[in-house]
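J.: return atomic coordinates for the entry below.
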Amino acid sequence: MAGILFIISAPSGSGKSTLVAQLRTLVAGLEFSISYTTRAPRGSEENGREYHFTTREEFERMVAAGDFLEWAEVFGNYYGTAVSALDHAKEAGKDLLLDIDVQGAVQVMRKLPEAVSIFILPPSPQVLEMRLRNRSEAEQVTSETVIKSRLAEAKNELKQVWDYKYALVNDVLDQAVAEMRAIVLTERGVRDGVQGVAADCRTDVASSKLRAALGTFER
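T.: Below is the predicted model of the structure:
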């Protein structure tokens with residue numbers, strides 16, 4: 001069943017990009033939507049691979065033209081998903097993965113309620129802070145202000161977890177990848193034993209693991 005839209009969101013530093021990359025190597029028929037952004041490339045990022053890097057003026061022109069399925073301003077930069085990405089995936093007979101922030105996800109869920117939404121959580125604020133610091137050092141853009149801002153924003157974003165159909169805790173990479181794979185296959189109608197794994201990730205089930213991770217951010 002091609003044409004399913006999977007929305008994947010997570011606080012910055014949750015390991016979302018790594019999970020998505022692993023998922024795409026395990027599951028065929030998934031097209032990844034490359035977002036547009038006005039932020040500068042980081043590290044080894046290339047235009048057209050991680051993002052379509054553009055100017056604020058061009059981005060705002062695209063907004064005015066109705067070219068975006070969703071868009072948002074995050075930490076002072078614009079991010080958006082082109083409407084054409086969904087059309088292209090359908091024409092290719094594939095499902096589409098949207099790796100987008102919570103603001104953008106809410107927009108898409110309102111427009112396309114049939115979309116399958118997945119929220120990825122870090123296991124604790126301490127782990128999230130460690131990941132943010134490691135990433136910042138690797139990119140040589142270490143900033144205490146940015147790290148604290150992203151930690152604060154993560155707590156706000158986690159309040160939206162119940163708006164998503166699924167949520168998984170990224171504490172053990174292999175397990176998190178297996179859960180994402182199970183969700184995709186279950187939504188495609190596959191019945192090969194993955195349903196139980198996917199069911200445990202549903203937010204209406206609210207597993208003990210999910211509640212425990214959320215609880216660490218409330219202390």
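J.: so what's the residue count around residue 20?
T.: The tally of other residues near residue 20 (other CB atoms under 10 Å) stands at 20. For the C-beta atoms, the positions are set from N, CA and C on the backbone; glycine is no exception.
J.: I meant to write residue 162 there.
T.: Around residue 162 there are 12 residues (other CB under 10 Å).
J.: list the contacts for it?
T.: residue 203 (CB atoms under 8 Å, 6 or more residues apart in numbering).
J.: for it, phi and psi?
T.: phi -70, psi -10 (degrees, to the nearest 10).
J.: where do the strands sit along this protein?
T.: Taking DSSP state E as the criterion, the chain contains strands spanning 5-9, 30-32, 36-37, 52-53, 68-74, 77-82, 95-99, 116-121, 166-169.
J.: start and end of stretch 90-110, how far apart?
T.: 20 Å (CA to CA, to the nearest Å).
J.: now swap in stretch 100-117 and tell me
T.: 11 Å.
J.: who touches that stretch?
T.: Residues contacting stretch 100-117 (CB under 8 Å, 6+ apart): 4-9, 35, 69-72, 74, 79-81, 98, 157, 160, 163-166, 183, 187.
J.: what is the mean pLDDT for it?
T.: The pLDDT scores in stretch 100-117 average 90.
J.: how far is it from where the chain is centred?
T.: 11 Å (CA atoms, centre = their mean, to the nearest Å).
J.: name the residues of the least confident helix or strand in the chain by mean pLDDT that come out as buried.
T.: Lowest on mean pLDDT, DSSP states H and E among the helices and strands of the chain sits helix 125-139, with a mean of 79. For helix 125-139, the neighbour count (16 or more other CB atoms under 10 Å) marks 125, 127, 128, 129, 131, 132, 135, 136 as buried.
J.: do you know how far the second one is from residue 80?
T.: For residue 127, the distance to residue 80 under the criterion CB to CB, to the nearest Å works out to 29 Å.
J.: likewise the fifth one?
T.: Summarising the geometry, the distance separating residue 131 from residue 80, computed by CB to CB, is 25 Å.
J.: about what we covered before: same list, the buried residues of helix 125-139, but as TSV with distance to residue 16 please.
T.: Output for the buried residues of helix 125-139, formatted as TSV (distance: CB to CB, whole Å):
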residue	distance to residue 16
125	17
127	14
128	12
129	16
131	11
132	13
135	12
136	16
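J.: give me the below-cutoff pLDDT ranges for the protein.
T.: Applying pLDDT under 70 to the chain flags the ranges 1-2, 137-142.
J.: for it, just list every one of the helices.
T.: 16-26, 56-64, 83-91, 102-111, 125-139, 144-158, 173-187, 195-200, 208-216 (DSSP state H).
J.: give me the angle between the first one and helix 173-187.
T.: Here the directions of helix 16-26 and helix 173-187 differ by 60 degrees (axes from the mean of the first three to the mean of the last three CA atoms, to 10 degrees).
J.: burial of residue 87, as a residue count?
T.: 12.
J.: do you know which of the strands of the chain lies nearest residue 207?
T.: strand 166-169 (8.6 Å; CB to CB).
J.: who's in contact with the closest one?
T.: So strand 166-169 is contacted by 116-123, 161, 176, 179-180, 183, 198, 201-203, 209-210, 213 (CB under 8 Å, 6+ apart).
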